[in-house]
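Q: Turn this into a model:
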Amino acid sequence: MDAQQAGEQIEREMLILTRHREMASPRRLGSEALDRSAYVLLSRIEVQGPMSVADFVDAFGLAASTFNRQTTALLKEGLVERTLDPDGGVARKFRITRMGRDRLKADRDKIVNGLSEVIAGWAPERLDNFVADLQQFNEDIERLTGRPWPR
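A: Numbering: from 1, shown residues only. Have a look, this model is predicted:
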């Protein structure tokens, strides 16, 4: 199989995977779950630390207006708070609150439980290989896009 043929099969499996993403969604277990954008932004702030709208634009490559909307919603829900730039910059940054951290953890626990249910019967070696391959796949995408995700 060459890269083109593999790409075709990967595209198909990723399409199907996105269809099945409810297994990895806390919403399947309750209506109190964070929406997808809140989950992603809070997860990024959690690993990177306080971020400005410009930081989000750099990290995700989307328009500032997208993040203005999303951070406004997070502020209203008390999931983030504005803070001065810890590095002394002029821009205000968004820092995850205790409530944001708690909600993120609760949702992550539900997601991990759902995914664990799917892979419960896999052999340890298969799990190790799948995790390593998935991480490598993501890191290669990040290298090509120039937008690494901190780990």
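
Q: quick one: the spatially most central residue of the chain from Asp109, how far?
A: Among the residues of the chain, the one closest to the centroid is Val40, at 3.7 Å (CA atoms, centre = their mean). From Val40 across to Asp109, the span is 17 Å (CB to CB, to the nearest Å). All C-beta spots, glycine's among them, are computed from the backbone N, C-alpha and C.

Q: Now the residue nearest to the centre of the chain: which helix or strand?
A: Taking DSSP states H and E as the criterion, the element that holds Val40 is helix 36-48.

Q: following that helix, which helix or strand shows up next?
A: Beyond helix 36-48 in the direction of the C-terminus, DSSP H and E gives the next helix or strand as helix 53-60.

Q: just the helices in this structure please.
A: Counting by DSSP state H, residue ranges of the helices within the chain are 3-19, 36-48, 53-60, 64-76, 98-119, 124-145.

Q: Could you export these as TSV, including distance to Asp87 and mean pLDDT?
A: Supplementary listing: the helices of the chain in TSV, determined by distance: least, CB to CB, whole Å; pLDDT from 0 to 100:
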stretch	distance to Asp87	mean pLDDT
helix 3-19	37	89
helix 36-48	12	95
helix 53-60	11	94
helix 64-76	19	95
helix 98-119	21	93
helix 124-145	23	96
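
Q: Just tell me which of those helices ends up closest to Asp85.
A: The closest of the helices of the chain to Asp85 is helix 53-60. By CB to CB, the value is 9.8 Å.

Q: buried residues in that closest one?
A: Applying a neighbour-count criterion of 16 or more other CB atoms under 10 Å, one finds 53, 55-57, 59-60 buried in helix 53-60.

Q: what about the residue nearest to the centre of the chain, distance to Val112?
A: 16 Å.

Q: Then Asn129?
A: Distance from Asn129 to Val112, by CB to CB: 19 Å.

Q: related to what we said a few turns ago, from the buried residues of helix 53-60, pick the one nearest Ala3.
A: Within the set of these, Phe60 lies nearest Ala3; the separation is 26.6 Å, counting by CB to CB.
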